[in-house]
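Peer 1: After the sequence you'll find the predicted model.
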Amino acid sequence: MCGIIGYIGKKKAIPVIIDGLETLEYRGYDSSGIAYYNKKKELKIIKEQGKIAILKNILNLNEESNLGIGHTRWATHGQPSRINSHPHNVGNITLVHNGIIENYEELKKHPLVKNYKFISKTDTEVACAIINSLYNENQDILKSLEESQKLLMGSYALAIIVNNDFEHLYVMKKDSPLIIGVGNKENYVASDVPAILKYTKKYILLNEGDIGIVSNKNIKVYNQKKLVKKKILEFEWDLEAGMKNGYEHFMLKEIFEQPKVIEQTIKEYINDYDFINLPDLTKYNRIDIVACGSAYHTGLIAKYWFEEYCNMEINVDIASEYRYKKNFLDKKCLLIVISQSGETADTLASLRLVNDKKIDTLAIVNVVGSSIAREAKNVLYIKAGPEISVATTKAYSAQALLLSILAFKTSVDKKIINIKEKEQIINDYHNLSLYIQDILSNTKICESIAKKIFKANDIFFLGRKIDYAIVMEGSLKLKEISYIHSEAYPSGELKHGSIALINKNTPVISVITDENIALKTISNIKETKARGAYSIVLSSLNMDNNKECYDYLIKIEHIHSLVEPILPIIYLQLISYYIAKLNKRDIDKPKNLAKSVTVE
Ligand code: G6P
């Protein structure tokens, strides 16, 4: 993970780098650092353990400097400490790194660095030492970087400054995201576009193996020793998208953006009563869906939709498992990978594995031009805009929505859903953002539930079939931002052991939307109530005859089951948010996490 940034131009580099790092902090926040040339052309490296605010405090933001690089770290090799922080410097080379040099232990014994004494525990220092030795031999940085590519295994996005070279920044990319921001007589380097959006919307995407030489007026990119022509792209979101706009946290802002995101995503794929921009999936007889974290949960929801409405065989797997297990794919199979960032290492690896077998792949991604988006045979974008809070909300809903539309279209194509039903469902899609707005207009319900349960040690979630998939996300949301232990169970399964953990007042949150199995879940909730649980039920069904199964009922709009499952999560996101707030957690940057997980 980690976020990197670089600047060269007429502005003061330090504030530009700090601004960028603050935007990139979602990628990691164990430590941060900056390297720059000052007015006297001296190289300064300043780094600190902890969040960027700590680094900012010890920097002179007014200091003159026109070239620098910065880094915010999510520790992989070597604990968070100043010594392990980036930038790293060895001899003539100073660099920041996002990724993992997998063969770093082996490289430490390489003849090129045999006399060098490593001071940190990081893989990055090894890369720095190797590049420095090559540079000392060649006295040519491009040649040295090209040679280093043959030695460095794993993933890297590097931004480099070279001693006594006051005119250039150097970059190199493999399997970790990196863009070059294009300005007017100034240029930028960053892990993602929002980091430089305050200054420019124009950017160049770097490909695998690219090496860039960036001056204030020029950008040259080489790949395999050849100069490559790069297209200048324009980012479609405004700076506003990366700001809190009066909300206390990005998470809350992003929860409130959901009606708009839902509308935008629907507009992209449904025009009036017709589908647009969507592939035909009827030719496949099996779909594997692979993702991590919340994206995996949307895959689980999709499994129910595709099975129920398209009569298709669906396998959903966590990417870090999928990539190492035996798969039985043939030409009639499709792999769907889901990823907000489009950079998640395990999801990308699973995609590559299947691409190599020449089997069709389709990516559902938020970040335009990300590795997964570029490498999949086909890509569909959700229209969520930049998501800053580490805990995903709007991207999750948009992913679920897009998968639902895809299952819906496939069902229509297969003539399982008829024209009349089609129109009714489309009406539900068109009204979906209004239903969500309605939920958001009364957050008091969620706040009062949060007040009741925020001190709990354990919170359980129950649901059956699709409702189980929904509560898995509710449980993850809760634990990641509130640090309260939580588990989601298929409601029939709790009694096989875990019910032993239900005590007086243990909160149990259940979702019931499926009429056919509602009574089963209600019985299971009663089993927990009999052991003292405090029961909160979210349901679209009439619960008048089952008042004894809940202490608190949240009524959900009853709409078509291809659309309805997107509603309960909005409540669950809000409940988690308020619980975390009451527990005074760092909501946008929960401990130990990072938004973009580019390591295995
Ligand atoms: C991290 C994030 C999660 C996210 C998961 C997958 O763990 O904290 O919110 O769901 O990665 O990320 P992706 O970008 O592939 O959706």
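Peer 2: Nice, I can see it.

Peer 1: can you list the residues of the stretch 201-350 of the chain near the ligand?
Peer 2: Proximity of the stretch 201-350 of the chain to the ligand, by CB under 6 Å from any ligand atom, involves residues 292-295, 339-341, 344, 347. C-beta: built from backbone N, CA, C; applies to glycine.

Peer 1: Which of the residues you listed ranks first by neighbour count?
Peer 2: Neighbour counts for these, by other CB atoms under 10 Å, peak at Ser339, which reaches 32 neighbours.

Peer 1: thought it was touching Ala363?
Peer 2: Yes: using CB atoms under 8 Å, Ser339 is in contact with Ala363, at 7.0 Å.

Peer 1: Now the common contact residues for the two.
Peer 2: Taking CB atoms under 8 Å, 6 or more residues apart in numbering as the contact rule, Ser339 and Ala363 both touch Ile372.

Peer 1: May I ask which helix or strand encompasses Asp346?
Peer 2: In the assignment (DSSP states H and E), Asp346 maps to helix 345-356.

Peer 1: Look at Glu487 and tell me its secondary structure.
Peer 2: Per DSSP: H, G, I helix; E, B strand; the rest coil, the local secondary structure of Glu487 is strand.

Peer 1: Number of residues surrounding it?
Peer 2: The tally of other residues near Glu487 (other CB under 10 Å) stands at 16.

Peer 1: ok, it - contacts?
Peer 2: The contact partners of Glu487, by CB under 8 Å, 6+ apart, come to 458, 460-461, 475, 498.

Peer 1: just to revisit the earlier point, looking at the residues of the stretch 201-350 of the chain next to the ligand, spot the one nearest Asn442.
Peer 2: Ser294 (24.6 Å; CB to CB).

Peer 1: quick revisit: just among the contacts of Glu487, which is most surrounded?
Peer 2: Using other CB under 10 Å as the neighbour criterion, Phe461 leads the contacts of Glu487 with 28 neighbours.

Peer 1: Make TSV from the residues of the stretch 201-350 of the chain next to the ligand and add pLDDT and secondary structure to it.
Peer 2: Shown next, in TSV, are those (pLDDT from 0 to 100; DSSP: H, G, I helix; E, B strand; the rest coil):
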residue	pLDDT	secondary structure
Cys292	97	coil
Gly293	97	helix
Ser294	98	helix
Ala295	98	helix
Ser339	97	strand
Gln340	96	coil
Ser341	93	coil
Thr344	93	coil
Thr347	97	helix
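
Peer 1: Save those as CSV, and put in distance to Lys529 too.
Peer 2: Below are these laid out as CSV (distance: CB to CB, whole Å):
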residue, distance to Lys529
Cys292, 35
Gly293, 31
Ser294, 29
Ala295, 34
Ser339, 39
Gln340, 37
Ser341, 41
Thr344, 39
Thr347, 40
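
Peer 1: Looking at these, which two lie furthest apart in space?
Peer 2: Ser294 and Thr347 (12.2 Å).

Peer 1: Leaving out sequence neighbours, find the closest residue to the residue of the chain found nearest the ligand.
Peer 2: Distances between the chain and the ligand by CB to the nearest ligand atom are smallest at Gly293, namely 2.8 Å. The shortest distance from Gly293 to any non-neighbouring residue, by CB to CB, 6 or more residues apart in numbering, is to Leu476 (7.1 Å).

Peer 1: Which neighbouring elements make contact with the helix or strand that contains the one you found?
Peer 2: In this assignment (DSSP H and E), Leu476 forms part of helix 466-482. On a contact count with 3 or more CB pairs under 8 Å, 6 or more residues apart in numbering; DSSP states H and E, helix 466-482 meets helix 293-310, strand 458-463, strand 485-490, strand 507-512, helix 568-582.

Peer 1: Which SSE is immediately downstream of the fourth one?
Peer 2: Elements were assigned by DSSP H and E; along the chain past strand 507-512, the next helix or strand is helix 518-529.

Peer 1: Which secondary structure elements does that following helix sit against?
Peer 2: strand 458-463, strand 507-512, strand 534-539.

Peer 1: quick one: buried residues of it?
Peer 2: By 16 or more other CB atoms under 10 Å, the buried positions in helix 518-529 come out as 518, 521-522, 524-525, 527-529.

Peer 1: What of stretch 158-177?
Peer 2: Residues 158-162, 168-177 are the ones in stretch 158-177 that count as buried (16+ other CB under 10 Å).

Peer 1: Over to stretch 207-215?
Peer 2: 210-215.

Peer 1: Run the chain-centre distance for it.
Peer 2: The chain centre lies 24 Å from the centre of stretch 207-215; the measure is CA atoms, centre = their mean, to the nearest Å.

Peer 1: Alpha carbons of that stretch, as PDB, please.
Peer 2: Provided in PDB are the C-alpha atoms of stretch 207-215 (Å, rounded to 0.1, in the frame of the first residue of the first chain):
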ATOM      1  CA  ASN A 207       2.200   1.000 -17.600                       C
ATOM      2  CA  GLU A 208       4.100  -2.000 -16.200                       C
ATOM      3  CA  GLY A 209       7.800  -1.600 -16.700                       C
ATOM      4  CA  ASP A 210       7.600   2.100 -17.500                       C
ATOM      5  CA  ILE A 211      10.500   4.400 -16.400                       C
ATOM      6  CA  GLY A 212       9.800   8.100 -16.400                       C
ATOM      7  CA  ILE A 213      12.100  11.100 -16.400                       C
ATOM      8  CA  VAL A 214      10.200  14.200 -15.300                       C
ATOM      9  CA  SER A 215      11.500  17.700 -15.400                       C
END
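
Peer 1: longest helix of the protein?
Peer 2: helix 419-440 (DSSP state H).

Peer 1: next structured bit after it?
Peer 2: Helix 419-440 is succeeded, C-terminally, by helix 444-453 (DSSP H and E).

Peer 1: Need the contact partners of that following helix.
Peer 2: Contacts for helix 444-453 (CB under 8 Å, 6+ apart): 459, 507, 534, 536, 552, 554, 571, 574-575, 577-579, 581-582.

Peer 1: from those residues, which are also near the ligand?
Peer 2: Subset of the contacts of helix 444-453 in contact with the ligand: empty, counting by CB under 6 Å from any ligand atom.

Peer 1: mind giving me TSV with those and columns for neighbour count and pLDDT?
Peer 2: Listed next are the contacts of helix 444-453 as TSV, based on neighbours: other CB atoms under 10 Å; pLDDT from 0 to 100:
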residue	neighbour count	pLDDT
Ile459	26	97
Pro507	27	98
Tyr534	21	97
Ile536	23	98
Tyr552	16	96
Ile554	21	97
Tyr571	21	98
Leu574	25	98
Ile575	29	98
Tyr577	28	98
Tyr578	21	98
Ile579	29	98
Lys581	19	97
Leu582	15	98
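
Peer 1: returning to that earlier point: who touches the residue of the chain closest to the ligand in this structure?
Peer 2: 344, 392, 476, 597.

Peer 1: Could you report the separation of Tyr435 from Pro568?
Peer 2: Remark: distance between Tyr435 and Pro568 (CB to CB, to the nearest Å) = 11 Å.

Peer 1: So these two - more neighbours on which side?
Peer 2: Higher neighbour count among Tyr435 and Pro568: Pro568, with 25 against 20, using other CB under 10 Å.

Peer 1: ok, the more buried one touching Ile556?
Peer 2: Yes: contact criterion CB under 8 Å: Pro568 and Ile556 qualify, at 5.8 Å.
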